[in-house]
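> Pasted the sequence and its predicted model underneath.
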Amino acid sequence: MTNRRKHSRAIAGAKAGLSASTAYRCEKDPRLPSQKKAPRERRRADPLAEVWDSEVVPLLTAAPGLRPIGIFDELLRRHPGLSPGMRRTLERRIRTWRAVNGADREVIFRQEHPPGRMGLSDFTEVADLAVTIAGEPFDQRLYHFRMPFSGFEHAHVVLGGESYVALAEGLQNALWALGGAPEQHRSDSLSAAFRNLDADAREDLTTRYEAFCLHYGMVPTRNNPGVSHENGSIESSHGHLKRALADALLLRASRDFDDLGEWRAFVDDIVGRGNARNAKRIDQERLALKELPRHKTADYEEINVDVTSSSAFVLRKVFYTVPSRLIGHRLRVRLYDDRLDCFQGATHIFTLLRGRARENGKHGHVVDYRHVIHSLRRKPMALLNLVYRDQLFPRRAYALAFDALLLGLGERPACRAMVGILALAHERACEAELAMALQADLDGGALPDLKALIERFRPKDAVLPIVVVTLPALAIYDEIAMTMGEAA
């Protein structure tokens, strides 16, 4: 149009790179092609015309969280004549309506994490990994610690549920593996650790947690309950860690581990590989961390318990047997996530595996037959209706043998024989070998024979060696003395 001021239509079009016909058309109508395009008109009737303003919009206004599929099902229920093919049309229309008329939504604010400022803790479920210990299902969780700047991670296998003890033990191990402490420690609301506790116990745990953070010079912070994205720097990494473990288990071709220690070493190895990839950033972050104190702080709960006449004590709805010599004594118990360290005064006397109460709320049992077998031998009929009889048997073969003895011999002979078998396992230290012998008898259709088993596992008669001592002549001592004198 600028060239048209000085030239004809054909010349102006040529200078602009247009044909003469295009130049005539542009001069006649200078609008852009997009402005000339007529709006697309509906080619068929609107299937929502009768229900959109009268029913759909009121539903969206009254219940903003209602899903499109829920509205769709409700419309079909109210109007059976509506076409099921209108679902996609309804979903698009609702999405457009919400973009224009919907309520404001929560905004996620992306954060920068300077090195050494914050460490994050959380627990995550790993039931989908289907890990077993010695062939038995394993109830577990993972405590997960992460530094968002460098990506340093630490994972600790937790038995049972979330608790303050599990948090303290996992966090302390993570800090010592990292080699320093961040300025802040962020966790969730710790509601699971405080569950079923009275007000005084909650206050005590809060005080202990704050003292723990003070020991390492960290400021404790928590995200709001139910707002997981506030802990997003570790929530998202849960999935990465669990997928890495799942891949490693597939490559291992087995999800069964001999013991808890082997499974924990496996988890440490997978986490260590990830930390090796982030080694440079981890080294950079370590420069900004606070120094660790000279010693660790308590990552356990300390509780006093009294040993009853049952040669046991009850702690957290779990019945633990102890050596009978401790009946009437008060023990100081340090309660860890996976064990109990028992002290008499300041002397550590033994360690017990930690048990858990049953899901139905009934008491659990951690029983060692060695603690009570000496007394059970004097009262073998007590075995018949013993409260913790099933937990008394150290291996499944012993329980099967007792059931077979009850059917084959009757109550009294079966109890005497079974107590004798348990005593044999204890006195000869042959628990595993004896279990194999019992299973072999049962597989062969025979009842275990206590006399035969005693004979089989009795100490073997050893043949004493014949030692011949030849005494040297006395004159040789004079020769030795003379030789030593000449050497001097």
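Everything's here; your move.
> distance between the ends of stretch 98-114?
One end of stretch 98-114 sits 38 Å from the other (Cα to Cα, to the nearest Å).
> Mind listing what's buried along it?
Residues of stretch 98-114 include none that count as buried (16 or more other Cβ atoms under 10 Å). C-beta coordinates here come from the backbone N, C-alpha and C atoms, glycine included.
> which regions of the stretch 51-200 of the chain sit below the pLDDT cut-off?
By pLDDT under 70, the low-scoring segments of the stretch 51-200 of the chain are 189-200.
> at 80 what do you get?
106-112, 160-162, 188-200 (pLDDT under 80).
> which stretches of it form helices?
Secondary structure of the stretch 51-200 of the chain (DSSP state H, counting those that start in this stretch): helices at 57-62, 68-78, 87-101, 164-178, 191-194, 199-215.
> and of those helices, who's closest to residue 414?
helix 164-178 (41.6 Å; Cβ to Cβ).
> List the buried residues in that closest one.
Neighbour-count burial for helix 164-178 flags 164-175, 177-178 (criterion: 16+ other Cβ under 10 Å).
> Can you tell me which of the helices of the stretch 51-200 of the chain is most buried?
Neighbour counts (mean count of other Cβ atoms under 10 Å) averaged over each of these peak at helix 164-178, with a mean of 21.
> which helices and strands sit right next to it?
Helix 164-178 sits against strand 118-125, strand 140-146, strand 153-159, helix 191-194, helix 199-215, with contacts defined as 3 or more Cβ pairs under 8 Å, 6 or more residues apart in numbering; DSSP states H and E.
> can you list those in JSON lines and add distance to residue 320?
Formatted as JSON lines, the helices and strands packed on helix 164-178 follow (distance: least, Cβ to Cβ, whole Å):
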{"stretch": "strand 118-125", "distance to residue 320": "25"}
{"stretch": "strand 140-146", "distance to residue 320": "21"}
{"stretch": "strand 153-159", "distance to residue 320": "15"}
{"stretch": "helix 191-194", "distance to residue 320": "22"}
{"stretch": "helix 199-215", "distance to residue 320": "21"}
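> Between the ones you listed, which one is closest to residue 418.
Nearest of the helices and strands packed on helix 164-178 (Cβ to Cβ): strand 153-159, 30.4 Å.
> Report the angle between that closest one and strand 140-146.
Going by axes from the mean of the first three to the mean of the last three Cα atoms, to 10 degrees, strand 153-159 is angled at 160 degrees with respect to strand 140-146.
> sorry, back to before: save the buried residues of helix 164-178 as TSV, and put in distance to residue 133 too.
Formatted as TSV, the buried residues of helix 164-178 follow (distance: Cβ to Cβ, whole Å):
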residue	distance to residue 133
164	25
165	20
166	18
167	23
168	24
169	19
170	19
171	24
172	24
173	20
174	23
175	28
177	24
178	28
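> thinking again about what came up before, tell me which of the helices and strands packed on helix 164-178 sits nearest to residue 380.
Nearest of the helices and strands packed on helix 164-178 to residue 380, taken as Cβ to Cβ: strand 153-159 at 34.2 Å.
> what distance separates that closest one from the centre of its chain?
Strand 153-159 sits 6 Å away from the centroid of its parent chain (Cα atoms, centre = their mean, to the nearest Å).
> remind me, longest helix of this protein?
The single longest helix within the chain, with elements called by DSSP state H, is helix 232-252.
> Does the next helix or strand after that one pack against any helices or strands, and if so which?
The first helix or strand that comes after helix 232-252 along the chain, using DSSP states H and E, is strand 256-257. Judged by 3+ Cβ pairs under 8 Å, 6+ apart, the packing partners of strand 256-257 are strand 132-133.
> what's in contact with the strand it packs on?
Strand 132-133 is contacted from outside by 138, 255, 256, 257, 258, 259, 260, 263, using Cβ atoms under 8 Å, 6 or more residues apart in numbering.
> The second one and residue 142: what is the separation?
Relative to residue 142, residue 255 is positioned 15 Å away (Cβ to Cβ, to the nearest Å).
> out of these two, which sits in the more crowded spot?
Neighbour tally, residue 255 and residue 142, criterion other Cβ atoms under 10 Å: the higher count belongs to residue 142, 21 against 14.
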